[in-house]
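Engineer: Show me how the following folds:
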Amino acid sequence: MSLKITEYRVLADVKEDLTLLFFSDTHNCRNESLLKFLSQENADAVLCGGDIIHNHLMYKNGFEFLSESAKLLPTFCSLGNHEWGYLGGLRGDIIKTGVTLLDNEFVSFKGINIGGLTSAYFRMAEGMVPDTDFLTSFSQLDGYKLLLCHHPEYYPKYIKDLPIDLILSGHAHGGQWRLFGRGAYAPGQGILPKYTSGIYDGRLIVSRGIGNVYPVPKINNPPEVLKIKIQKA
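Structural biologist: Numbers count the residues shown, from 1 in each chain. Below you'll find the predicted structure:
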């Protein structure tokens, strides 16, 4: 697998410069190139933005990636919609890999707050609405706030008006087919989606992801890992 590495530099009021690697939507893909890349990078942490575990049939590679990543670097993992299809003990099995699971939770790491907003697919009985109470409490923390939010379509409705400094998302798969700089389709956004790749409003960064779950191939849309450099302003 040939990876596209996209780098973003973010100026912030932080105590020290940080380099963070963001992986999303691996969907239980093979890990050789991902782990080779990780082993060669001088980064502070790995952030996993959901859909690392595909479902109850396709999960072994996903857990292997989390486990091997945790051996190399501090690794923080939030939950996407596909993880809910795993029928084992999801939280416990993820924690066993050695990563820090952020299931509507946050941690402090090297002077910044890292939070994970769980996909609303876990809250189907509540109308598929994400945990807005967590979002409110997270946004009120002092200091720099970075949110892992699998769904970029949550941004305009639930996050845009909150004082959260940086949001990292996936889910859209880059729009699957990229034509004239736009994605063709994304789950949750439909045809000609807005949030598929790049940076929006200077603080929402959307990864095109790595794996492919559709029967049609990606076009002009290689697997992507993000390198986020948060630098002292």
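Engineer: Strand partners (parallel or antiparallel) of the lowest-mean-pLDDT helix or strand in the chain?
Structural biologist: Of all helical and strand segments in the chain, the minimum by mean pLDDT, DSSP states H and E falls on strand 178-179, at a mean of 92. Paired neighbours of strand 178-179 in the sheet (DSSP bridges): strand 182-183 (antiparallel).
Engineer: and residue 15, helix, strand or coil?
Structural biologist: Under DSSP: H, G, I helix; E, B strand; the rest coil, the three-state class of residue 15 is coil.
Engineer: Next up, the contacts around it.
Structural biologist: 110, 111, 232 (Cβ atoms under 8 Å, 6 or more residues apart in numbering). Every residue, glycine included, has its C-beta placed from N, CA and C.
Engineer: quick one: which helix or strand includes residue 69?
Structural biologist: Taking DSSP states H and E as the definition, one finds residue 69 inside helix 60-72.
Engineer: Tell me which helix or strand comes right after that helix.
Structural biologist: Counting by DSSP H and E, the next helix or strand C-terminal to helix 60-72 is strand 75-77.
Engineer: Show residues contacting that next one.
Structural biologist: 45-48, 52, 66, 69, 94, 98-102, 107, 109, 114, 116, 148.
Engineer: how about the helices of this protein, start to end?
Structural biologist: 32-40, 60-72, 90-96, 132-139, 154 (DSSP state H).
Engineer: contacting residues around the second one?
Structural biologist: Right, helix 60-72. Helix 60-72 is contacted from outside by 23, 26-31, 34-35, 38-39, 46, 48, 52-54, 75, 77, 93-94, 97-99, using Cβ under 8 Å, 6+ apart.
Engineer: Stretch 94-107 now?
Structural biologist: The contact list for stretch 94-107 (Cβ under 8 Å, 6+ apart) reads 48, 53, 63, 66-67, 69-71, 74-79, 91, 113-118, 131, 134, 138, 141, 148.
Engineer: which non-adjacent residue is nearest residue 153?
Structural biologist: With Cβ to Cβ, 6 or more residues apart in numbering as the criterion, residue 153 has its nearest non-adjacent residue at 4.3 Å, and that residue is residue 188.
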